[in-house]
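J.: please find the sequence and the predicted model below.
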Amino acid sequence: MITIESSHNNLDGVAQKVLRNFWVWSAHHPAIFPLFLIVVTCLSVGAINADFWQLSNLFDILRASVVRGLFALGVLVVLASGGLDVSFTAIAAFVMYTLTLFVVNVVPDLGIVPIFGIAGIMGAGLGALNGLLVSYLRAPALIVTIGTQYMLRGFLLTFIGTALFMNIPSAMDAFGRLNIITATAARGSEIGLPVYFLILILAATVTWWMLKHTLIGRAIFAVGGKPDVAERLGYRVKSVRVFVFAYAGLLAGVAGVIHVTANRLANPFDLAGTELAVIAAVVLGGARITGGMGSVVGTMLGVVLITLVSNVLILVGIPSAWQTAILGAFILFAGLFFSQLDRLAMR
Amino acid sequence: MLDSEHPQGTQAATASPFLETRSLHKHYGGVHALKGVSLRIERGRFYHLLGENGCGKSTLIKIISGAQSSSAGQVLIQGRDMTGLGPIAALGAGIETVYQDLSLLPNLSVAENIGLSEQLVEWSGKLFHRLDLSRLRDSACRALEVVGLPTERAFLSRQVETLPLASRQLVAIARAVASEAGLVIMDEPTTSLTRREVDNLIRVIRRLQSEGAAVLFVTHKLDEARDIGGVGLVMRDGELVHECDVSKATNAEIGYWMTGRELQQGRYRDMQPEKLPPLLEVKGLSLKKAYEEIDLSIAQGEILGVTGLADSGRNELAMTLAGLAPAKTGSVVLGGNALDLSAPDRVIREGVAYVPEDRLAEGLFLEKTISENITMSILDRLRSGFGLVSRSRARQAAQNTLEDLQIVAEDIHAPVSSLSGGNQQRVLIGRWLAAEPRLLILHGPTVGVDVGSKEIIFRIIQSQADKGMGVLIVSDDLPELLQNCDKILVMRNGRIYQTYEAEGLDEHTLYSAVVGD
């Protein structure tokens, strides 16, 4: 696709027009890119190993996409507003460990709904702190969130605890085992599609609706496109900035609790270091690191693509070092694809 | 909240004008930018805010549109005190401001750019509300129809940044239509448009006015202001110094009020150069999709003007001669030797200086100091013993340029961004004059520059030509070309359409040659 320019001369007018229309169309539907890579990956993996085509594999991918997907929705909203957040894994780890410890020791009978509620509030509070620092102190978002990431992690490990524990609250344990449906894998084991997958669907729907159908959603893109113009037009730029970080924090808090219920253990060292993969997923889905662009559908496809490469390729015997390389290639490819798209669609 | 959309005709409201300011003052730190400005704006009329760069025009607009608060004084809209209520209140009261960047959100769709404000204002800026998408589309459609843009779905959902400038301009006006603005403020709306686009824009604005809106232009283009007609408001040093019927006011009158001194009218070019040896000879120059078979020559001390519509190839020709867009065929000879146009640094070394049109994006290093900006083209001449740049020589060179070009700056180590537009442009020209070129190419030398600075720039151009420098001016400001050039080339569709002697040529002849009727 990168050689298109050099082959231009050989194409006749019609083909050139079709090609141009394709670029313009792609610019409006960037989700086509991760979708294309997902199809290619599935077809090639399926060709190598026919065992790939199983319902249980699909469930596996969806299950593994939940935590990353929630993170990605938060990152999408922050990126769309022109910000950047790398602290969400630290927020998730902090919330999940602190909250689980608190519930186990103080209110062991607390139900799953209040647990999620508290997690969301804690996450939103920590996220709002990022937002306040970014918007009122005018500090760059990347630096602020690197700072809060380290502080939260350090605080967690110093004052709360370093030991992982498996006696998680009964409500969380039960919720993690609850399945919508189950399928039997080739080797006879049961793989279920967990109920917490619905939380991702709910979060994606809410985020989509918010971005498309509310003033705050449009304001987020307005601020991400040109903050000074948005301010002149009367958008409250500071409120928007605080809101997006709080929203990302809320989703991170919820994701943290799901992480505990899914693994049935709470480990304060978990989730650290997965930020870049999440940001990559969002960018693969068509969001721009410079702000003002991105869609929920694209983001979800980007998450599925990353999960596919990092969780499923192992099933068909592709060594993990190769997965990393493939992932890297996809991300590079995405960067080139979208920059070409911008250049060509603008003409 | 405010029910300003439907004024309930109180006695005060019927008697008062749409907008009134009462002795507005604004201080920025130690600078007194506005010194008691009082003005009245009535519905259905045109106003032209005129004044040199830095006279307080922008500050006044920002205060009226709620983007800044005043230090003292009042802003009344339909008799209601709106002082310092912010942009949403100003929008709600019917004031729409189109700044030079058009105040458009590039990544949002056409429909959103037009219709969002209406709903934002309705919820008085509170963001946690549902967006009525069908209403958004309806108001956008109605407004687009008024300004004459397409109204189909595909256009509505197009991202504004993918539109050409003239259409973006119309989208910005459509937003004013959609919000039923009582006053539309336009900050230099025609700066980057071609004549034909300007004509269309003015047609649309007239329609707005006929429906009862007041339109306030901030402009440097006196001729355009005269064509449109209305009230001229002249500002100088933060004060409103003169009010007049703009269509009857002469350039001399307005220039006098703006600057406080008499400006030269008519031609700046007084003497015809004797037959001097040719400097630049261009033969059969062609660049695909830009221009074809261009022949031209410039003698030493001659000033040649090139004009045409934006797509006539004039811009590309200027870029080619600056080494920025190498031509495919043709020959260029400078002072008897073939000129290598493959890269800008080679062209510069041969003694060609190019002053680009967009001084902010292509010319100046805004955050660097005035001194650095001036000396950066002559660094190799400022070297001292060890190959380092001599600070004292640099300071001397910068100081000389400042004096020669009458640049008003308190400190040569202040960033260029702290200067007014006219002074910035002179810094840019000064940089290239410091390099003592044989050929000076000026691309839109006075775009966005006030008349006072214009006059100084014209005098500089003339004095350089008198010293034997060849000058090529590429511009769509026709009076500027008529005042300064010996010959004017009109380009059309990539070819030279006509060559005129500038002496005695009138603007209408030139304009018809440019647009082609």
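T.: That came in fine, so what should we check first?
J.: just the element for B:Glu372, please.
T.: Using DSSP states H and E, B:Glu372 sits in helix B:370-375.
J.: just say helix, strand or coil for the nearest residue to B:Glu161 once chain neighbours are set aside.
T.: Nearest residue to B:Glu161, sequence neighbours excluded (CB to CB, 6 or more residues apart in numbering or on different chains): B:Pro106, at 3.6 Å. C-betas here are computed from N, CA, C, even on glycine. Three-state assignment for B:Pro106 (DSSP: H, G, I helix; E, B strand; the rest coil): coil.
J.: okay, now B:Pro106: neighbour count?
T.: Neighbours of B:Pro106 under the rule other CB atoms under 10 Å in any protein chain shown: 17.
J.: wait, it sits on A:Gly225?
T.: Yes - here B:Pro106 reaches A:Gly225: they are 5.4 Å apart, a contact under CB atoms under 8 Å.
J.: what sits in contact with each of the two?
T.: Jointly contacting B:Pro106 and A:Gly225 under the rule CB atoms under 8 Å, 6 or more residues apart in numbering or on different chains are A:Gly292.
J.: what stretches of the chain score poorly on pLDDT?
T.: Picked chain A for this. A:1-12, A:186, A:344-347 (pLDDT under 70).
J.: switch to chain B, that's the one I care about
T.: Across chain B, residues meeting the criterion (pLDDT under 70) sit at B:1-15, B:29-30, B:191-192, B:263-264, B:271-274, B:361, B:385, B:516-517.
J.: and it, which of its residues are near chain A?
T.: B:65, B:67, B:86-88, B:91, B:97, B:99, B:101, B:103-108, B:112, B:116-117, B:119-121, B:123, B:125-131, B:133, B:157, B:161-162 (CB under 8 Å from any CB of the partner chain).
J.: let's see it at 6 Å
T.: Residues of chain B found near chain A (CB under 6 Å from any CB of the partner chain) are B:67, B:87-88, B:91, B:103, B:105-107, B:116, B:120, B:125, B:127-131.
J.: filter those down to the buried ones, ChimeraX style.
T.: Remark: buried members of the residues of chain B next to chain A, expressed as a ChimeraX selection using 16 or more other CB atoms under 10 Å in any protein chain shown:
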select /B:67,87,88,91,103,105,106,107,116,120,125,127,131
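J.: return the set of buried residues in stretch B:177-188.
T.: Using 16+ other CB under 10 Å as the burial criterion, the residues of stretch B:177-188 that qualify are B:Val177, B:Ala178, B:Ser179, B:Ala181, B:Gly182, B:Leu183, B:Val184, B:Ile185, B:Met186, B:Asp187, B:Glu188.
J.: using the three-state scheme, assign B:Glu180.
T.: Classified using three-state DSSP, B:Glu180 is coil.
J.: wait, B:Ile473
T.: Assignment for B:Ile473 (three-state DSSP): strand.
J.: and the residue nearest the centre of chain B, what element?
T.: Closest to where the C-alpha atoms of chain B average out (CA atoms, centre = their mean) is B:Gly448, at 3.0 Å. Assigned by DSSP H and E, B:Gly448 belongs to no helix or strand.
J.: just checking, B:Arg426 touches B:Val408?
T.: No - taking contacts as CB atoms under 6 Å, B:Arg426 lies outside contact range of B:Val408: 9.1 Å.
J.: so between these two, which is more surrounded?
T.: B:Arg426 (28 against 13).
J.: check which helix or strand covers that one.
T.: Counting by DSSP H and E, B:Arg426 is found in helix B:421-434.
J.: who touches that helix?
T.: Outside helix B:421-434, the residues within contact range by CB atoms under 6 Å, 6 or more residues apart in numbering or on different chains are B:53, B:353, B:355, B:359, B:363-364, B:370, B:373-374, B:377-378, B:401, B:405, B:407-408, B:416, B:448-450, B:453.
J.: again, but for stretch A:327-335
T.: A:Leu37, A:Ala280, A:Leu284, A:Val309.
J.: ok so, going back, and the helix holding B:Glu372, what does it pack onto?
T.: helix B:391-404, helix B:421-434 (3 or more CB pairs under 6 Å, 6 or more residues apart in numbering or on different chains; DSSP states H and E).
J.: CA atoms of the last one as PDB?
T.: Taking Å, rounded to 0.1, in the frame of the first residue of the first chain, the C-alpha atoms of helix B:421-434 are listed here in PDB:
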ATOM      1  CA  GLY B 421       2.400  42.200  12.000                       C
ATOM      2  CA  GLY B 422       3.800  45.100  10.000                       C
ATOM      3  CA  ASN B 423       7.000  45.000  12.100                       C
ATOM      4  CA  GLN B 424       7.300  41.200  11.700                       C
ATOM      5  CA  GLN B 425       7.100  41.500   8.000                       C
ATOM      6  CA  ARG B 426       9.800  44.200   8.000                       C
ATOM      7  CA  VAL B 427      12.100  41.900  10.100                       C
ATOM      8  CA  LEU B 428      11.600  39.200   7.500                       C
ATOM      9  CA  ILE B 429      12.400  41.500   4.600                       C
ATOM     10  CA  GLY B 430      15.300  43.000   6.600                       C
ATOM     11  CA  ARG B 431      16.800  39.500   7.000                       C
ATOM     12  CA  TRP B 432      17.000  39.100   3.200                       C
ATOM     13  CA  LEU B 433      18.200  42.600   2.600                       C
ATOM     14  CA  ALA B 434      21.000  42.000   5.100                       C
END
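J.: now that helix, how far from the centre of its chain.
T.: Centre-to-centre, helix B:421-434 and its host chain are 16 Å apart (CA atoms, centre = their mean, to the nearest Å).
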